[in-house]
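S.K.: below are the sequence and a predicted model for it; my questions follow.
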Amino acid sequence: MSESAPLHPDGHRRCRWCGTDPFYVAYHDDEWGRPERDPRALYEKLMLDGFQAGLAWITILRKRDGFRAAFQGFDPEIVARFGEDDVARLLGDAGIVRSRLKIEGAVKSARAYLAMRDRGEDFSDYLWGFVDGAPIVNRWREIAEVPASTPLSETLSRDLKRRGFTFCGPVIVYAFMQAVGMVDDHLTDCFRHGG
């Protein structure tokens, strides 16, 4: 038996994980699994997935505007210059997840992003190179079939860490790969599967 949600009033079947919350349904329909190729947007999504560690994604999604304001639009040039005063400011910001390690990790990751750029490496090309430039389209019928991590997410995780990125373990990286469309993990009877 498939674990996709029943037919919604709008006529679509969706992956059950998004439930019926309009906010979450919109995220499922309009963002999750759609190929993202903008380097700055990819940095933002990787940071948000790192902030999610130990929390529900809906928590991060509901605070995303707060994160964007607090982190200056996730501009790596700006975030890389954050110092202790900025960390203290962020630790007092109820609009985000207030974890010193995660905040400092976002700063360190911005510096790693810029180091790649300064070596002539495009962050988008780098990430998409792990999937040969095109999404891996999986054919999962049930949520239980979807892995939490894969050998590929383990490889990418190791390489990101080697480059200085933080909060990018294999599970976080796989969630990121799903979110940015590097893998299509919409269930086969979801209307977003394959597109």
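M.R.: In hand now; what should we look at? Numbering: from 1, shown residues only.
S.K.: can you show me the strands along the protein?
M.R.: 136-137, 183-184 (DSSP state E).
S.K.: can you add mean neighbour count and give those strands back as CSV?
M.R.: Where you see a C-beta, it was placed from the backbone N, CA and C, and this is true even at glycine. Putting the strands of the chain into CSV (neighbours: other CB atoms under 10 Å) gives the following:
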stretch, mean neighbour count
strand 136-137, 15
strand 183-184, 22
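S.K.: nearest to residue 94, of those strands?
M.R.: Nearest of the strands of the chain to residue 94, taken as CB to CB: strand 183-184 at 33.6 Å.
S.K.: give the rounded mean pLDDT of that closest one.
M.R.: Computed over strand 183-184, the mean pLDDT rounds to 98.
S.K.: dump the helix or strand of the chain with the lowest mean pLDDT to CSV, restricted to CA.
M.R.: Of all helical and strand segments in the chain, the minimum by mean pLDDT, DSSP states H and E falls on helix 22-30, at a mean of 92. Listed in CSV are the C-alpha atoms of helix 22-30, where the atom choice follows Å, rounded to 0.1, in the frame of the first residue of the first chain:
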residue,chain,number,x,y,z
PRO,A,22,-1.0,24.8,3.6
PHE,A,23,2.5,26.1,4.4
TYR,A,24,4.1,22.7,4.2
VAL,A,25,2.0,21.7,1.1
ALA,A,26,3.2,24.8,-0.7
TYR,A,27,6.8,23.9,0.2
HIS,A,28,6.3,20.4,-1.1
ASP,A,29,4.6,21.6,-4.3
ASP,A,30,6.8,24.6,-5.2
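S.K.: quick one: list the elements packing against that helix.
M.R.: Applying 3 or more CB pairs under 8 Å, 6 or more residues apart in numbering; DSSP states H and E, we find helix 22-30 packed against helix 57-70.
S.K.: list the buried ones in stretch 121-133?
M.R.: 123, 124, 126, 127, 128, 130, 131 (16 or more other CB atoms under 10 Å).
S.K.: do the same with stretch 37-52
M.R.: For stretch 37-52, by 16+ other CB under 10 Å, it's 39, 42, 43, 44, 45, 46, 47, 48, 49, 50, 51, 52.
S.K.: redo these as a markdown table? Include pLDDT and distance to residue 147.
M.R.: Below are the buried residues of stretch 37-52 laid out as a markdown table (pLDDT from 0 to 100; distance: CB to CB, whole Å):
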| residue | pLDDT | distance to residue 147 |
| --- | --- | --- |
| 39 | 98 | 26 |
| 42 | 98 | 21 |
| 43 | 98 | 24 |
| 44 | 98 | 24 |
| 45 | 98 | 19 |
| 46 | 98 | 19 |
| 47 | 98 | 23 |
| 48 | 97 | 21 |
| 49 | 96 | 16 |
| 50 | 96 | 19 |
| 51 | 97 | 22 |
| 52 | 95 | 17 |
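S.K.: looking at those, which is nearest residue 174?
M.R.: residue 49 (9.4 Å).
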